[in-house]
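Asker: Provide a 3D model corresponding to the input given below.
(one chain, ligands or ions: 1)
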Amino acid sequence: MKTILVAGGAGYIGSHMVYCLIEKGYDVVVADNLSTGFHDAIHKDARFYKGDTRDRSFLENMFTQESIDAVIHMDAFSIVPESMKDPLKYFDNNLIGVIVLLEEMEKFNIHKIVFSTTAAVYGNPKNIPISEDDEKNPINPYGESKLMMESIMKWVDEAFGIKYVALRYFNAAGAHPSGLIGEAHANETHLIPNIMKVALDPTKEFQIFGDDYGTPDGTNIRDYVHILDLAEAHVLALQYIENGGKSDSFNLGSNQGFSVKEIFDETSNIVGKAIPYKISNRRDGDPDILIADSSKARSVLGWHPDYENVHDIIQTAWNWHSKHPHGYGK
Ligand code: UFG
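Answerer: Sure thing, here's the model as predicted:
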């Protein structure tokens with residue numbers, strides 16, 4: 001049985017990753033500083049180490065106690081508007097964290113890593129759908145920090161032979177069908193949870209951030225991909241490296257775009273009631289349209305998402321939010 005470290009395994013994406021690995025029979029170690037993650041999100045069969053991947057002694061202690069075969073890195077900060085306000089927080093956590101982690105991996109002879117990166121590396125793309133070789137020109141510090149992480153990985157592979165797969169997520173959404181884990185952030189900024197928060201508390205009003213973008217209805221278009229389909233792609237990426245695949249980057253998306261208004265309407269249908277909303281100003285750092293060409297992940301990794309329908313993705317999110325209106329532990 002392989003032992004996999006999930007750095008950031010208490011977060012939204014990380015916790016689903018851990019459930020997916022354990023359901024497939026992997027032995028899982030979680031490292032998380034709980035700055036944005038939740039203890040209650042960690043699968044009971046994972047071994048948890050509370051600490052920060054920027055902390056060398058924390059990593060040394062964990063790597064001495066555990067025999068790790070490969071690392072899945074998902075402990076970066078990932079909120080676009082927050083990165084616009086506090087870029088140094090993003091460069092500090094996202095870059096220093098991965099540099100110290102890679103140094104310690106090299107020291108402990110761990111030579112495989114799969115890591116989360118993002119559609120935000122492309123900025124405002126010239127081509128839709130976006131393929132991996134298209135121009136990368138981030139328009140927010142979050143995307144810039146992830147592009148820098150990708151470059152770091154490339155040179156570390158050259159120097160030390162640490163093999164990597166960079167998975168560029170489009171918009172992660174939905175929740176585990178068990179209803180045990182789902183999306184929870186102390187300050188929620190994401191579209192689908194924010195619509196659902198208003199559905200659960202009609203004293204609030206949902207805000208659409210801008211309806212004057214260059215899209216048919218004027219609102220931003222994004223490509224939504226189910227969280228467990230993302231997790232599945234990491235398992236395939238681990239197997240790909242294990243089988244001698246070369247270090248590479250892959251888009252993970254559904255190849256379909258939905259506008260903010262379309263997601264709002266679909267969520268209202270699922271929730272079964274009218275949700276109050278207003279049109280607000282644009283939010284800084286939002287590209288007009290992001291839609292993936294993810295054919296490379298499908299052909300090279302053999303990725304076949306289970307959730308190809310945005311209705312089903314939103315339904316799993318509603319199962320979670322309606323049962324956990326205040327997130328974990330409340
Ligand atoms: N939006 C609203 N109202 C809200 C929240 C969001 O109108 O209350 C809009 C945003 O302006 C944007 C769209 O909904 O146009 C999606 O916004 P999210 O915050 O849900 O997601 P982002 O597209 O900003 O970012 C997400 C991840 C990033 C990742 C990116 C890749 O958070 O980490 O998808 O596409 F880089």
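
Asker: can you count the residues close to the nearest residue to Thr36 once chain neighbours are set aside?
Answerer: Nearest non-adjacent residue to Thr36, counting by Cβ to Cβ, 6 or more residues apart in numbering: Gly11, 6.0 Å away. (C-beta placed from N, C-alpha, C; glycine too.) Counted by other Cβ atoms under 10 Å, the residues lying close to Gly11 total 29.

Asker: Gly11 touches Phe77, doesn't it?
Answerer: No. Taking contacts as Cβ atoms under 8 Å, Gly11 lies outside contact range of Phe77: 10.0 Å.

Asker: quick one: contacts for the residue of the stretch 201-330 of the chain found nearest the ligand?
Answerer: Relative to the ligand, the nearest point of the stretch 201-330 of the chain is Asn220 (3.0 Å; Cβ to the nearest ligand atom). Shown in contact with Asn220 (Cβ atoms under 8 Å, 6 or more residues apart in numbering): 209-210, 213, 259-260, 286-289.

Asker: just Glu262 next, same as before
Answerer: So Glu262 contacts Asp217 (Cβ under 8 Å, 6+ apart).

Asker: can you pull the pLDDT of it?
Answerer: pLDDT, Glu262: 98.

Asker: from Asp306, how far off is it?
Answerer: 21 Å (Cβ to Cβ, to the nearest Å).

Asker: just to revisit the earlier point, where's the residue of the stretch 201-330 of the chain closest to the ligand relative to Gly210, distance?
Answerer: In terms of Cβ to Cβ, Asn220 sits 7 Å off from Gly210.

Asker: find residues that contact each of those two.
Answerer: Contacts common to Asn220 and Gly210, judged by Cβ under 8 Å, 6+ apart, are Asp286.

Asker: how would you label Ala31: helix, strand or coil?
Answerer: Under DSSP: H, G, I helix; E, B strand; the rest coil, Ala31 falls in the strand class.

Asker: just the helices in the chain please.
Answerer: For the chain, the helices defined by DSSP state H cover 12-23, 56-65, 80-85, 87-91, 97-107, 141-160, 191-200, 227-242, 260-271, 295-296, 310-323.

Asker: about what we covered before: quick one: common contacting residues for Gly11 and Phe77?
Answerer: Joint contacts of Gly11 and Phe77 (Cβ under 8 Å, 6+ apart) are Thr36.

Asker: report pLDDT for Lys330.
Answerer: pLDDT, Lys330: 61.

Asker: for the residue nearest to Ala46 when sequence neighbours are not counted, give its distance to the ligand.
Answerer: Counting by Cβ to Cβ, 6+ apart, Val28 is the residue found nearest to Ala46 once chain neighbours are left out, at 4.3 Å. Going from Val28 to the ligand by Cβ to the nearest ligand atom, to the nearest Å gives 23 Å.

Asker: spit out the contact partners of Val28.
Answerer: By Cβ under 8 Å, 6+ apart, the residues touching Val28 are 3-6, 9, 18, 21-22, 43, 45-47.

Asker: so what does the residue of the stretch 201-330 of the chain closest to the ligand look like in phi/psi?
Answerer: Here is the backbone geometry of Asn220 (degrees, to the nearest 10): phi -60, psi 150.

Asker: re the thing from before, the residue nearest to Thr36 and Gly37, how far apart?
Answerer: On the measure of Cβ to Cβ, Gly11 and Gly37 end up 4 Å apart.

Asker: with Thr64 instead?
Answerer: 23 Å.

Asker: check contacts around Met149.
Answerer: 76, 94-95, 98, 115, 117, 166.
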